[in-house]
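**Student:** everything below, folded, please.
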Amino acid sequence: MSRSVNIKTSLFSFYLLMGFVLFSQKEANIWYFGINAGVDFNSGQPVALTNGALSTFEGCASICDVSGNLLFYTGGTEVYNRNHQVMPNGTGLLGNPSSTQSVIIVPKPLSVDSYYLFTVAAFENPTDGLNYSIVDMSQDNGLGD
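**Tutor:** Residues are numbered from 1 along each chain as shown. The predicted structure is shown next:
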């Protein structure tokens with residue numbers, strides 16, 4: 001009986017510690033949303049940003065590297081690099097500003113430079129449905145394409 005308690009305690013401790021390790025990654029430390037608005041959480045306190053190029057009322061997404069440096073952000077119709085410029089091939093995505101969550105960013109498994117952007121159309125335009133694009137951060141001198 002004590003052996004199973006030790007295993008359960010060890011597993012619980014492992015999962016608890018994994019949460020701290022995963023929390024230390026800063027891929028979600030900078031958010032851009034709304035009309036030119038953003039928030040930077042890198043200092044531990046939220047800092048307002050007003051330099052975003054995004055203009056959307058609903059779904060948007062952003063991603064940073066593991067150090068909390070902005071990589072890119074999107075509202076589902078275009079993709080902006082860390083300099084707030086539209087990436088090459090970064091327009092014409094099939095998300096919609098009236099979709100509640102028009103886009104999500106998912107790191108491509110086993111890749112350090114590529115990300116999937118999954119977009120969904122608005123309810124009133126169901127023919128566009130669910131789509132994906134790939135952002136390759138090794139392109140355009142590290143600004144992505």
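**Student:** may I have the distance across stretch 80-90, first residue to last?
**Tutor:** Start to finish, the residues bounding stretch 80-90 are 7 Å apart (Cα to Cα, to the nearest Å).
**Student:** again, but for stretch 57-67
**Tutor:** End-to-end distance (Cα to Cα), stretch 57-67: 28 Å.
**Student:** again with stretch 84-95
**Tutor:** End-to-end for stretch 84-95, by Cα to Cα: 19 Å.
**Student:** quick one: buried residues of it?
**Tutor:** Neighbour-count burial for stretch 84-95 flags 84, 87, 89-90, 93-95 (criterion: 16 or more other Cβ atoms under 10 Å). All C-beta atoms are positioned from the backbone trio N, CA, C, and that covers glycine.
**Student:** let's verify N141: helix, strand, or coil?
**Tutor:** Following DSSP: H, G, I helix; E, B strand; the rest coil, N141 is assigned to helix.
**Student:** quick one: it from V79, how far?
**Tutor:** Relative to V79, N141 is positioned 16 Å away (Cβ to Cβ, to the nearest Å).
**Student:** and the two? Which one has more around it.
**Tutor:** For N141 and V79, the more surrounded residue by other Cβ atoms under 10 Å is V79, and the numbers stand at 25 against 7.
**Student:** from G52, how far off is the residue nearest to that one when sequence neighbours are not counted?
**Tutor:** Of all residues beyond its chain neighbours, the one nearest V79 is G90 (3.8 Å), with distances taken as Cβ to Cβ, 6 or more residues apart in numbering. Distance, G90 to G52, by Cβ to Cβ: 15 Å.
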